[in-house]
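In: Sharing a model prediction with you, sequence too.
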Amino acid sequence: MGFSMRTSDVVVIGAGQAGLSAIHHLLRRGLRPLADAAPGERTFVVLDAEDGPGGAWRHRWDSLTMATVNGIRELPGMPEVEAVPAEPSHHAVPAYFADFERLHDAPIERPVRVTRVENDPETATDPWPRLLVHSVSADGSETPLAVIRTRALLNATGTWTRPFLPAYPGAGQFRGRQLHTAQYVSAREFAGQRVGIIGGGISALGFLQEIAEVGETFWYTRREPEFLDQEFTLEHGREVIAGVVERVEQGLPVKSVVAATGLVWTPALREARARGILERRPMFTRITPHGVIEADGTETELDALLWATGFRHELRHLTALNLRTEHGGIRLDGTAAADDPRVHLLGYGPSASTIGANRAGRAAVNDVMRAFDAGRPDPPGHRDSDSSHRPGRAEPARLLTTTARA
Ligand SMILES: Cc1cc2nc3c(=O)[nH]c(=O)nc-3n(C[C@H](O)[C@H](O)[C@H](O)COP(=O)(O)OP(=O)(O)OC[C@H]3O[C@@H](n4cnc5c(N)ncnc54)[C@H](O)[C@@H]3O)c2cc1C
């Protein structure tokens, strides 16, 4: 395919919940997959780096079952995920996404990784300058694929490929095992071991509970974790989302929702507390070859360090568009980048949950269609922000707040 060029009205990057929601709404609004389109029809292309359906759910660990996930919203136009509670989410959700793809005959090109999106110099002076989407085959060959010229980019690349590992002195000398949430498979790997678990989010709490069954755990967090005393209500969910929306509207870096909401006491967590598993230690000051130096200066020997320190949004391929503000975030207006309305971020900030991803897909497609009809990218202040980010009346509270799980 080399250096040939394709042209499509819309390019969707990523086929997780957000990308599939976008596909649903693009098809409903009459766009056609580029490969099947007749002349004059509006077209879209979907590129996804995975080998098959499921987005990041393909990689979740064994014990993250349909019973232990926070709650997965059904895809638009689909019934709920049907699975027995004990089924690992990395089976059930990819199978469900595969059903969606079959039902829609969804034209997803994979495994294809987008490496760079840039402004098209040839259309720079047009009323609607185009974007160029560069990609490679993600089958290990890294073969460059045809560049796609497009009017609108729906970016739905999630966070799984950007694990966040804070730098700590001595990390390189540790002789035990170090891993991040993204590499965790099962507690069985830690049988009989002394494991330091770092992070104050939901994933860290899950790891503590399951590894404590087979080994000894040591929990480290930078701040005292904040547990909510009362049940998480819809009202609280709304407030949290509103706070995240406010941050992205100002172009501030997106905060983990746990940092905004606090953690909720579940019966299992109360039991873990009673068993002494949730005794939190202040963050260690240094890592040694055999363990860590605690805040009080003593050394604790450890076999493994499990960093449950969260993820960042995967946006590296958008660097050339210079979307970041001086604060380090991307300013959004609805789902669109306020500084470049050709680019929409789905599953970013307030829409980084399955329910948010659904809404963002719909809102972004509505915006794009309005812009196509007007013949120019939407000016700021005209977006479908209400439907993209704000929780509806009937939404279960727990579905609203799964952003940036650690
Ligand atoms: C451990 C964990 C548990 C979670 N549990 C829940 C839960 O129970 N309920 C809930 O609502 N939310 C949960 N979340 C949040 C959840 O990830 C999101 O809600 C949602 O599933 C994300 O969908 P997405 O489409 O934005 O991203 P993803 O599912 O991550 O999909 C992104 C897709 O983009 C592809 N991609 C990335 N970069 C590129 C590129 N450069 N080129 C091409 N393709 C690319 C990826 O390969 C992937 O297929 C959880 C998150 C984590 C980390």
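Out: Now that the structure is in, tell me what you want to look at. Residues are numbered from 1 along each chain as shown.
In: how about the closest residue to the ligand within the stretch 151-300 of the chain, what does it touch?
Out: The ligand sits closest to residue 158 of the stretch 151-300 of the chain, with a gap of 2.2 Å, by CB to the nearest ligand atom. C-beta coordinates here come from the backbone N, C-alpha and C atoms, glycine included. For residue 158, the contacting residues are 14, 16, 18, 55-56, 313-314, 347, by CB atoms under 8 Å, 6 or more residues apart in numbering.
In: Most neighbours among the residues you listed, please name it.
Out: Tallying neighbours with other CB atoms under 10 Å puts residue 18 at the head of the contacts of residue 158, with 33 neighbours.
In: ok, and which of the contacts of residue 158 reach the ligand?
Out: Filtering those for proximity to the ligand by CB under 6 Å from any ligand atom leaves 14, 16, 18, 55-56, 314, 347.
In: Would you state the strands of the stretch 151-300 of the chain in chain order?
Out: Taking DSSP state E, counting those that start in this stretch as the test, the strands found in the stretch 151-300 of the chain are 177-180, 194-198, 216-221, 227-228, 263-264, 280-282, 286-288, 291-293, 299-301.
In: other SSEs contacting the fourth one?
Out: Okay, so that is strand 227-228. If you count contacts as 3 or more CB pairs under 8 Å, 6 or more residues apart in numbering; DSSP states H and E, strand 227-228 packs onto strand 263-264.
In: how about a cut-off of 10 Å?
Out: Packed against strand 227-228 by the contact rule (3 or more CB pairs under 10 Å, 6 or more residues apart in numbering; DSSP states H and E) you find strand 263-264, helix 267-274.
In: Tell me how far it lies from the chain's centre.
Out: The chain centroid and the centroid of strand 227-228 are separated by 24 Å under CA atoms, centre = their mean, to the nearest Å.
In: Begin at 5 from now on, thanks
Out: Done: numbering now begins at 5, and the last item shifts to strand 231-232.
In: strands paired with it, and their directions?
Out: strand 267-268 (parallel) (DSSP bridges).
In: Distance check, the residue of the stretch 155-304 of the chain closest to the ligand against residue 289.
Out: Distance, residue 162 to residue 289, by CB to CB, to the nearest Å: 33 Å.
In: now do residue 145
Out: Using CB to CB, we find residue 145 at a distance of 45 Å from residue 289.
In: Over to residue 277?
Out: 26 Å.
In: same check, this time on residue 251
Out: Taking CB to CB, one finds residue 251 at 30 Å from residue 289.
In: So those two - more neighbours on which side?
Out: Each of residue 251 and residue 289 has its neighbours counted (other CB under 10 Å); residue 251 has more, 20 against 14.
In: How about the contacts made by that one?
Out: 257-259, 264, 331, 333, 335-336, 353-354 (CB atoms under 10 Å, 6 or more residues apart in numbering).
In: try residue 139
Out: 5, 15, 17, 49, 51, 53, 113, 116-121, 147-152, 321.
In: repeat for residue 197
Out: So residue 197 contacts 180-181, 191, 215, 218-221, 306-308 (CB under 10 Å, 6+ apart).
In: Now it: closest residue in space that isn't a chain neighbour?
Out: Leaving aside its chain neighbours, residue 197 sits nearest to residue 307 (3.9 Å; criterion: CB to CB, 6 or more residues apart in numbering).
In: Give me the neighbour count for the one you found.
Out: Neighbours around residue 307, by other CB under 10 Å: 17.
In: Go ahead and confirm it touches residue 196.
Out: Yes: in this structure, residue 307 is within contact of residue 196 by CB atoms under 10 Å, at 8.5 Å.
In: shared neighbours of these two, which are they?
Out: Counting by CB under 10 Å, 6+ apart, the residues touching both residue 307 and residue 196 are 219-220.
In: what residues does the protein put near the ligand?
Out: Counting by CB under 6 Å from any ligand atom, the chain sits next to the ligand at 17-23, 51-54, 59-60, 64, 73-76, 117-118, 160-162, 164-165, 207, 315, 318, 321, 351, 356-358, 361, 403, 406, 409.
In: any weak-confidence spans in the stretch 5-154 of the chain?
Out: 5-7 (pLDDT under 70).
In: Helices of that one, start to end?
Out: For the stretch 5-154 of the chain, helices defined by DSSP state H, counting those that start in this stretch occupy the ranges 21-32, 93-108.
In: Looking at those helices, which is nearest to residue 341?
Out: helix 21-32 (15.2 Å; CB to CB).
In: quick one, the closest one and helix 93-108 angle?
Out: 10 degrees (axes from the mean of the first three to the mean of the last three CA atoms, to 10 degrees).
In: Restricting to C-alpha, output helix 21-32 in PDB.
Out: Extracted C-alpha coordinates of helix 21-32, given in PDB (Å, rounded to 0.1, in the frame of the first residue of the first chain):
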ATOM      1  CA  GLN A  21     -16.800   1.000  23.800                       C
ATOM      2  CA  ALA A  22     -16.300   4.600  22.500                       C
ATOM      3  CA  GLY A  23     -15.300   3.700  19.000                       C
ATOM      4  CA  LEU A  24     -18.200   1.200  18.700                       C
ATOM      5  CA  SER A  25     -20.700   3.800  19.900                       C
ATOM      6  CA  ALA A  26     -19.400   6.100  17.200                       C
ATOM      7  CA  ILE A  27     -19.800   3.400  14.600                       C
ATOM      8  CA  HIS A  28     -23.400   2.900  15.700                       C
ATOM      9  CA  HIS A  29     -24.300   6.600  15.300                       C
ATOM     10  CA  LEU A  30     -22.300   7.100  12.100                       C
ATOM     11  CA  LEU A  31     -24.300   4.200  10.500                       C
ATOM     12  CA  ARG A  32     -27.600   5.600  11.900                       C
END
